[in-house]
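Engineer: Give me a model of this one.
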Amino acid sequence: MNLASILLAAASAEPASPALLCDAEWLSFAELDDTSRRLARCVAEKARRGDRVAIVAGNEPWFVAAYLGTLAAGAVAVPLNPSSPAPELTDEMAAVGAVMVLATAPFAERARDAAAAAPGTPEVLVLDAETRAGRLSVEPMQVAEVAGDDLAVLLFTSGTGGRPKAAMLTHACLAANLEQVQGHPGLALHVDDVVLGVLPCFHVFGLNVVLGLALAAGRPVALADRVDAASQVARIRADGVTVIAAVPAMYASWLALDDDDAPPDSFSRVRLAVSGAAALGLEVPAAMRERFDLVIHEGYGLTEASPIVTTAAVDGSEHPGSIGPPLAGVEVRLVDVDGADALEGDPGEIWVRGPNVFAGYWGEPEATAAVLTEDGWLRTGDVAVADAGGWLTLVDRVKDLVIVSGFNVYPAEVEEALLSHPDVAAVAVVGEPSPRTGEAVVAFVVPSAGADPDPAALVRHAGTRLARYKLPARVEVVDDLPRSWGGKVLRRVLRAEAAAGPA
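Structural biologist: Residues are numbered from 1 along each chain as shown. All right, here's what the predicted structure looks like:
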């Protein structure tokens, strides 16, 4: 099998149908297939089966052709964040041993600088009109035969909890999650759907959930800039988008627009809106429903699961705070600190098993052994509780747990208590070493507009809701919280600040 064959199948079934919508133009499945397989021949001149090919491109048709062309050639695609500085790109190219780099014109200089400093100095092929007229004036290549357990993609994890690692995703595990999602009654794409492609394709959410699923289902993707919220809404309206997959920060950015840029009927054609990659909370979905009459369904997944594990998009109704039950074909356990299955209503680490689970981390057997059990369970590091029906609610990260005098403190519950104070707009809690209690709770608080919160008053307020050992030993008032592109708080940055002591 080859994942490229699955993603390009519509080129035979519906060759004239639009595959990609971009800036009022569209590319048919036949055109995408032709460009991708011509590019595959160029890749095959440099990369053999299993060789790694880095892709440095934004959400544009060339990225899609580069991804499909790399897979079709039997090589391993390594999508990189094109906005990363050259030294970071160099490190990532070096980590996977890239033999070739495919870059689009806006990022060509950065890609060349990065490749020049990487071991082996991988060739950089710039994807533009000149390349199309020159290097791509070759016969399209037949899709290469590969095994299901051959690597298809290496994706660097976000690194919110530490140094990024390259997750090994095979042709089979990516295809398995596509089948699991398309077989789900709440998530399956319909024959008349148009999917918004605003999530970055260097992230598994954008790569497999948006791009992969749409292509496999033969549906068009409306590619959009992930920075400009107003242009995103304009694209949703102009292209008749019916399916949106986004992160909470994107929904919040749409809510921040005025009615001129985001009229009340902006999402009137959207039949399915899902959120992932970070906790959605309750305020954003409530505001989206009230202003735009749009229901958002939260789900849960991670790069190492290709990525979707659960979804609350089951019956079309709203399920605030829940990430839903697992997809069919995905097994989930909640495991307590003693290694036993957690009781109903008790927190436990989410363990996942299924054909969508990844093969490990590239070149890091110890890190792989730490998350994959011998019988195939993936330890996610995320903590959840389950109700009697098997619906899950996220609690926290195992690594974020703070242990005070032997007692477990989940940052999320402390954050919830502090957020209930009107002077608090945002908060993040981490632990810092304490000679008296082992660890102590530190809260970083962003004030509400016009507020000047008193740290001692905030602690007293939290004390009306929490046991004494859970209360912050210190409250730092800050202008903002460090976040990843998906809106996740970068706790490693806050831990470093906590370790440095009071501001």
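Engineer: Identify the single longest helix in this protein, thanks.
Structural biologist: Assignment by DSSP state H gives helix 29-46 as the longest helix of the chain.
Engineer: Report the mean confidence score over the next helix or strand after that one.
Structural biologist: Counting by DSSP states H and E, the next helix or strand C-terminal to helix 29-46 is strand 52-56. Here strand 52-56 scores 98 as its mean pLDDT.
Engineer: Which strands and helices lie in contact with strand 52-56?
Structural biologist: For strand 52-56, the packing partners by 3 or more Cβ pairs under 8 Å, 6 or more residues apart in numbering; DSSP states H and E come out as helix 61-72, strand 76-80, helix 86-96, strand 100-104, helix 108-117. For glycine as for every other residue, the C-beta is placed from the backbone atoms N, C-alpha and C.
Engineer: one step back: and the longest helix of the chain, which residues are buried?
Structural biologist: 29-44 (16 or more other Cβ atoms under 10 Å).
Engineer: Tell me which residues touch V309, please.
Structural biologist: 299-302, 326-327, 330, 332, 350, 352, 380 (Cβ atoms under 8 Å, 6 or more residues apart in numbering).
Engineer: run the last query once more with 6 Å
Structural biologist: Counting by Cβ atoms under 6 Å, 6 or more residues apart in numbering, V309 touches 300-301, 330, 352.
Engineer: and of the helices and strands packed on strand 52-56, who's closest to P411?
Structural biologist: Nearest to P411 among those is helix 86-96 (28.0 Å), distances taken as Cβ to Cβ.
Engineer: Give the buried residues for that closest one.
Structural biologist: Buried-residue list, helix 86-96, by 16+ other Cβ under 10 Å: 86, 89-90, 92-93, 95-96.
Engineer: Return the closest of those with respect to A342.
Structural biologist: If you rank these by distance to A342 using Cβ to Cβ, A95 comes first, at 35.7 Å.
Engineer: Show me the shaky parts of the stretch 351-500 of the chain.
Structural biologist: Along the stretch 351-500 of the chain, segments meeting pLDDT under 70 span 398, 406, 485-486.
Engineer: hang on, A456 is in a strand, isn't it?
Structural biologist: No: using DSSP: H, G, I helix; E, B strand; the rest coil, the secondary structure at A456 is helix, not a strand.
Engineer: That one: neighbour count?
Structural biologist: Neighbour count for A456, taken as other Cβ atoms under 10 Å: 9.
Engineer: need the contact list for it.
Structural biologist: Contacts of A456 by Cβ under 6 Å, 6+ apart: none found.
Engineer: how near is it to V477?
Structural biologist: Noted for A456: a distance of 12 Å to V477, by Cβ to Cβ, to the nearest Å.
Engineer: Check A234 too.
Structural biologist: The value you get for A234 to V477, if Cβ to Cβ is used, is 38 Å.
Engineer: Which of these two has more residues huddled nearby?
Structural biologist: The residue with more neighbours, out of A234 and V477, is V477; 18 against 15, by other Cβ under 10 Å.
Engineer: Which residue lies nearest the spatial centre of this protein?
Structural biologist: Per Cα atoms, centre = their mean, the C-alpha nearest to the average position across the chain is that of F205, at 4.1 Å.
Engineer: So that one sits against A277, correct?
Structural biologist: Yes: with contact defined as Cβ atoms under 6 Å, F205 and A277 form a contacting pair (5.5 Å).
Engineer: circling back to that earlier point, let me have the helices and strands packed on strand 52-56 in a markdown table, extended by distance to L199.
Structural biologist: Formatted as a markdown table, the helices and strands packed on strand 52-56 follow (distance: least, Cβ to Cβ, whole Å):
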| stretch | distance to L199 |
| --- | --- |
| helix 61-72 | 12 |
| strand 76-80 | 12 |
| helix 86-96 | 20 |
| strand 100-104 | 18 |
| helix 108-117 | 21 |
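Engineer: for those, which one sits closest to V243?
Structural biologist: Between the helices and strands packed on strand 52-56, helix 61-72 lies closest to V243; by Cβ to Cβ that is 17.2 Å.
Engineer: for the closest one, packing partners?
Structural biologist: Judged by 3 or more Cβ pairs under 6 Å, 6 or more residues apart in numbering; DSSP states H and E, the packing partners of helix 61-72 are helix 3-7, helix 29-46.
Engineer: Buried residues in it, which are they?
Structural biologist: Neighbour-count burial for helix 61-72 [16+ other Cβ under 10 Å]: 61-72.
Engineer: tilt between it and strand 100-104?
Structural biologist: 160 degrees (axes from the mean of the first three to the mean of the last three Cα atoms, to 10 degrees).
Engineer: Quick check: chain neighbours aside, which residue is closest to the residue nearest to the centre of the chain?
Structural biologist: Leaving aside its sequence neighbours, F205 sits nearest to L199 (Cβ to Cβ, 6 or more residues apart in numbering; 5.1 Å).
Engineer: Any chance you could list what contacts stretch 338-348?
Structural biologist: 334-336, 383, 385, 395.
Engineer: One more pass at 7 Å, please.
Structural biologist: 333-336, 383-388, 395 (Cβ atoms under 7 Å, 6 or more residues apart in numbering).
Engineer: tell me the helices in the stretch 101-250 of the chain, going along the chain?
Structural biologist: 108-117, 129-133, 171-182, 204, 213-216, 229-238, 248-255 (DSSP state H, counting those that start in this stretch).
Engineer: Including mean pLDDT and distance to A443, could those helices go into CSV?
Structural biologist: Below are the helices of the stretch 101-250 of the chain laid out as CSV (pLDDT from 0 to 100; distance: least, Cβ to Cβ, whole Å):
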stretch, mean pLDDT, distance to A443
helix 108-117, 96, 38
helix 129-133, 86, 52
helix 171-182, 98, 37
helix 204, 93, 31
helix 213-216, 97, 39
helix 229-238, 93, 30
helix 248-255, 90, 21
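Engineer: Make CSV from those and add distance to L7 to it.
Structural biologist: CSV is the format used below for the helices of the stretch 101-250 of the chain (distance: least, Cβ to Cβ, whole Å):
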stretch, distance to L7
helix 108-117, 24
helix 129-133, 21
helix 171-182, 9
helix 204, 15
helix 213-216, 4
helix 229-238, 22
helix 248-255, 24
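Engineer: The longest helix of the chain - contacts with which helices or strands?
Structural biologist: Counting contacts by 3 or more Cβ pairs under 7 Å, 6 or more residues apart in numbering; DSSP states H and E, helix 29-46 is packed against helix 10-13, strand 18-22, helix 61-72.
Engineer: can you rerun that using 8 Å?
Structural biologist: Using 3+ Cβ pairs under 8 Å, 6+ apart: helix 29-46 touches helix 10-13, strand 18-22, helix 61-72, strand 100-104, strand 123-127.
Engineer: For R465, which of these is the nearest?
Structural biologist: Of those, nearest to R465 by Cβ to Cβ is helix 61-72, at 46.9 Å.
Engineer: How about residues contacting the closest one?
Structural biologist: Against helix 61-72 from outside (Cβ under 8 Å, 6+ apart): 2-4, 7-8, 19-20, 22, 27, 32, 35-40, 42-43, 47, 53, 55, 57, 76-77, 79, 102, 104, 127-128, 141, 143-144, 152, 171, 201, 207, 211, 215, 221, 223.
Engineer: which of the residues you listed count as buried?
Structural biologist: 2-4, 7-8, 19-20, 22, 27, 32, 35-40, 42-43, 47, 53, 55, 57, 76-77, 79, 102, 104, 127, 141, 143-144, 152, 171, 201, 207, 211, 215, 221, 223.
Engineer: Let me know whether Y469 touches V404 as I believe.
Structural biologist: Yes: taking Cβ atoms under 8 Å as the definition, Y469 is a contact partner of V404 at 4.9 Å.
Engineer: Counting neighbours, go ahead and name the busier of those two.
Structural biologist: Each of Y469 and V404 has its neighbours counted (other Cβ under 10 Å); V404 has more, 21 against 15.
Engineer: list the contacts for that one?
Structural biologist: V404 neighbours (Cβ under 8 Å, 6+ apart): 431, 434, 437-441, 469-470.
Engineer: If anything else comes up later, I'll come back, but that's it for now.
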